[in-house]
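1. could you look at this predicted model? Sequence included:
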Amino acid sequence: MITLKQSVLGAATVALAALTGCSGMTTQDRNTAIGAGVGGVAGAALTGGSALGTVGGAAVGGVIGHEVSPKK
C-alpha cells in the first residue's frame, strides 16, 4: 500500500522532473506547469494519496496557473 508520504514524494519528484524543461517555455506555460505540479501534490495530500484527488488537483492547479499569467 502506498502511504501519503510516498505519494507526495512521488508527485513532487515528477513535478521537479517536469519543470527541468521550463527554460524554453513562455511564462504562461511555465505557470501552468507549476500550478499543475503544486495542485497534484496538494490534491494527493488532501485526499490521502488517491489517484483521483491527485489528478483533480493537478487539473485545477494547471487551470489556475494558466489564468494567473499575464496575457500578452
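-> On my side now, so go ahead. Residues are numbered from 1 along each chain as shown.
2. show me which residues of the helix ranked longest in the chain are buried.
-> In the chain, taking DSSP state H as the definition, the longest helix is helix 27-46. By neighbour count with 16 or more other Cβ atoms under 10 Å, helix 27-46 contains the buried residues 28, 30-45. Heads up, the C-betas are built off the backbone N, CA and C, glycines and all.
3. just stretch 55-72 next, same as before
-> Residues of stretch 55-72 classed as buried: Gly56, Gly57, Ala58, Val60, Gly61, Gly62, Gly65 (neighbour count, 16+ other Cβ under 10 Å).
4. just the ones of those in helices?
-> Gly56, Gly57, Ala58, Val60, Gly61, Gly62, Gly65.
5. once you drop chain neighbours, what's closest to the fifth one?
-> The spatially closest residue to Gly61, leaving aside those adjacent along the chain, is Gly39, at 1.8 Å (Cβ to Cβ, 6 or more residues apart in numbering).
6. show me the shaky parts of the chain.
-> Scanning the chain for pLDDT under 70 picks out the ranges 1-2, 18-19, 21-23, 72.
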